[in-house]
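# Quick one: sequence plus predicted model below, questions after.
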Amino acid sequence: MAFQEPPATAGRALPTFSLDLEAVFEHMPVGLTVYDVSPDFRCVRHNARFLSMVGLALQERGSVVGVTLRELFDDRSYRAIRTIFEQVLASRSPYVTNEYAAVMTPGAAPRYYQWSLTPLIDERGAVSSLLAAGIELTDRYRAEAAVQASEAQLRLIADSLPVLISYVDREGRYRFNNRAYELWFGHSRDEITGRTMREVLGDEAYAVLRPHVEAALAGRAASFEAVAPYRDGGTRAIEATYVPDVATGEVRGFAVLVSDITARTRAAAAQQLLLETSALLESSLDYDTTLARVAHLVVPSHADFCIMYLVEEGAVQRVAVAHADPAKEVFLRQIEERYPLDLNGPGPVASVLRGGQPVRGEVDPELLTLLAKDNEHLALLQAIGSRSYVIGPMRAGNRTFGALMIGSAESKRRYDDDDLALVVELARRAAMAIENARLYRMAQEAIRLRDVFFSVAAHELKTPLTALFGHVQLLQRRTARDGTLGERDRRTVEVVVAQAQRMSAMVSGLLDIARLEQGQLSLERAPLDLRALVRRVVEEIQPTLDRHTLLLTLAPEPLVVDGDALRLEQVVHNLLSNAAKYSPMGGAVNVRVDRIGGRACVTVRDEGIGIPQAALPHLFQRFYRATNVSEQVFGGMGVGLYVVHEIVTLHGGSVTVESVEGRGSTFTICLPLLAEGLG
């Protein structure tokens, strides 16, 4: 077909051109099909584009001319399309479809189109055929479906994660939120999407996050911890990361990843509180002061107020009170002074003190009315503004002797089972400290009474023992001079003298312990030559030893110390006596007096039974005896070395021991020397 433009008019020539309609029809980028108006609507013409849009089976034929509308589609698609054909034929008006799904070959997958149907009118004014023009959208639909499936998978993954995930655009508006975000704020994602962070979070919270938002919008990733509002009106601790979305050099927004670290933060804070509480409780046996410090440690990190109660002789005492608001702490103390708690009265504290079971609860007007003893008491309780509380019992065995209560007010905390467990543990540790302090006081009193008994008993024994010892010695000398006793009786008198000496030494040791414990062992100090003192003691002891030899080595010059001669002689005497006692096979005992730096030192080394390594750290404790010492073989009460240590310490000196069991022991005492001018 050809189209000729009409001749030029009004004296102006127009260009002439021809239009090849066949070529246009064939190469149009849309599928074109001409159908007759027979009842079957048979295809009479189509272009190549339409052939590419039909099913594979029809494409293989190379042409669908002569194919009816029924043969082009499956049953369902055919019925819908035929209805449109009939409408256009009857109305003689064009019809344009929306996006449309059809199955071109029975059993094949749907294909998607958008097409129009136009009636062609002949010269007689009748519809001679129908022209269908359409474009295929199948590829686009499949791509969109793939994208939607991918987005659905990503949303499923995002909704399954226990972290909050969102996307915020350059204007600070939420464009995506996962399920965790909905649960956090108590709003659907549709309610959040499109709103700004400031609108969702509130001005106060957004002010904290704003520096990090600005950093992300500037292209810098940000990671931080903060406190964020929660749907219950409270707050939660979060760990957040903002990752900027940078495309073509421009930041389009940023991804938000938020983890709720409240449990972790609370656990760490609780552990830290327990550590600090334990350190406080272990620092002093004055539990009244210590409990007050613990109460102020709990406030305000875990509570707005803390109160500790103790039951003493049937009465309840508030021993510690702390409040984050000093003014309200005054109210608490007024309640303490004017309205003592009744152990048999109502309320959760009394219940815990009676039953020994922890409780957690909320404060309501009914509870305050129950607790109040009069209108003024009620007004004070209301002024505290309590909202929630936890109470833990202080117990020793099966006895409940106190309670620890924490409460919330201004902070609006709502306590849970974790808080209950924390308070129970705090109460347990406080109870242990109180009980230990009580046991210590009882032990100290018992020790005091024992020391008093030792002192009195030793004094009472000393007088008759001195008289007995004197008369026995007199009898021994007289009978030796007169020769009136036989050998057997003489040995008996010697045993009596030896045992009297031993008993006198034991009584003297008890007296020394009593004086040391009561702080009554005084020193009469004066400058003295330690070298001369040791030599004198060695010369006195040597004649009393049958199987031991004392080998003395002295420094070449005097070693002057500021000391009590009598007490230092007692120290040296005890060391030498021990060396001989614990060397039952006899042998040499080496005694050496040296100057070491600015100190005068006395070393006593024996070749006896030695001391087990496990006993060395305890050797200078009172009444301590090493495990290798037999009571039957080696007499004594384990007080000698204790007295040595205390006397040397009172002189500002030190005493040390080195020993290997079975190979002897070496004891060394060192005392500070006086100025050189006194030497």
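That came in fine, so what should we check first?

# Gly610 belongs to a helix, doesn't it?
No. Looking at Gly610 with DSSP: H, G, I helix; E, B strand; the rest coil, it is coil, so not inside a helix.

# Could you pull up the residues touching it?
628, 659-665 (Cβ atoms under 8 Å, 6 or more residues apart in numbering). From N, CA and C alone the C-beta is placed, and that goes for glycine too.

# Of those, which is the nearest to Gln272?
Set against Gln272, the nearest of these by Cβ to Cβ is Ser659 (44.9 Å).

# partners of Val251 in the sheet?
On the basis of DSSP bridges, Val251 is bridged to Val246.

# Can I have the buried ones of the contacts of Gly610 as a PyMOL selection?
Buried subset of the contacts of Gly610, written as a PyMOL selection, criterion 16 or more other Cβ atoms under 10 Å:
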select buried, resi 659+661+664+665
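
# Include pLDDT and secondary structure when you put the contacts of Gly610 into TSV, please.
Below are the contacts of Gly610 laid out as TSV (pLDDT from 0 to 100; DSSP: H, G, I helix; E, B strand; the rest coil):
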residue	pLDDT	secondary structure
Asn628	63	coil
Ser659	91	strand
Val660	89	coil
Glu661	88	coil
Gly662	87	coil
Arg663	89	coil
Gly664	91	coil
Ser665	93	strand
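
# I'd like the contacts of Gly610 laid out as TSV, including distance to Leu72.
Shown next, in TSV, are these (distance: Cβ to Cβ, whole Å):
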residue	distance to Leu72
Asn628	113
Ser659	113
Val660	111
Glu661	111
Gly662	114
Arg663	115
Gly664	118
Ser665	116
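
# and the gap between the residue nearest the centre of the chain and Ala237?
The chain has Ala268 as the residue nearest its centroid, 2.5 Å off, counting by Cα atoms, centre = their mean. Using Cβ to Cβ, to the nearest Å, one gets 10 Å for the distance from Ala268 to Ala237.

# Setting aside sequence neighbours, what's the nearest residue to Arg333?
Sequence neighbours aside, Val321 is the residue nearest to Arg333 in space, at 5.8 Å (criterion: Cβ to Cβ, 6 or more residues apart in numbering).

# residue contacts, the one you found?
292, 295, 305-308, 329, 332-333, 336.

# give me that answer again for 6 Å
Val321 is in contact with 307, 332-333, counting by Cβ atoms under 6 Å, 6 or more residues apart in numbering.

# Make sure it is indeed in a helix.
No. Applying three-state DSSP, one finds Val321 to be strand, outside a helix.

# Can you name the residues bridging to it?
For Val321, the beta-bridge partners under DSSP bridges are Ile307.

# if we can go back for a sec, from the contacts of Val321, list the buried ones, please.
307, 332.

# Count the neighbours of the residue nearest to Leu559 when sequence neighbours are not counted for me.
Spatial nearest neighbour of Leu559, chain neighbours left out: Ala600 (3.7 Å); criterion: Cβ to Cβ, 6+ apart. Residues within reach of Ala600, counting by other Cβ atoms under 10 Å, total 27.

# Ile391: which element?
Per DSSP states H and E, Ile391 falls inside strand 388-396.

# What helices and strands are in contact with that strand?
helix 348-355, strand 359-362, strand 399-408, helix 417-482 (3 or more Cβ pairs under 6 Å, 6 or more residues apart in numbering; DSSP states H and E).

# Next, the angle strand 399-408 makes with that strand.
With axes from the mean of the first three to the mean of the last three Cα atoms, to 10 degrees defining the directions, strand 388-396 sits at 160 degrees from strand 399-408.

# what comes up buried for strand 388-396?
388-395.

# For that strand, which strands pair with it and how are they oriented?
Paired neighbours of strand 388-396 in the sheet (DSSP bridges): strand 359-362 (antiparallel), strand 399-408 (antiparallel).

# What residues sit buried inside the first one?
Buried residues in strand 359-362, counting neighbours by 16+ other Cβ under 10 Å, are found at 359-360.

# Next SSE downstream of that strand?
helix 365-371.

# Tell me the gap between that following helix and the middle of its chain.
36 Å (Cα atoms, centre = their mean, to the nearest Å).

# do the same with stretch 365-377
For stretch 365-377, the distance to the chain centre is 38 Å (Cα atoms, centre = their mean).

# And for stretch 221-228?
Remark: stretch 221-228 is offset 20 Å from the chain centroid, using Cα atoms, centre = their mean.

# Kindly provide the whole-number mean pLDDT of it.
For stretch 221-228, mean pLDDT is 86.

# Export that stretch to CSV, keeping only CA atoms.
Backbone C-alpha positions of stretch 221-228 (Å, rounded to 0.1, in the frame of the first residue of the first chain) are rendered in CSV as follows:
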residue,chain,number,x,y,z
ALA,A,221,30.0,4.3,60.0
ALA,A,222,29.2,4.7,63.7
SER,A,223,29.0,2.1,66.5
PHE,A,224,28.0,3.0,70.1
GLU,A,225,26.1,2.1,73.2
ALA,A,226,23.2,4.1,74.5
VAL,A,227,20.0,4.0,76.5
ALA,A,228,16.8,4.1,74.3
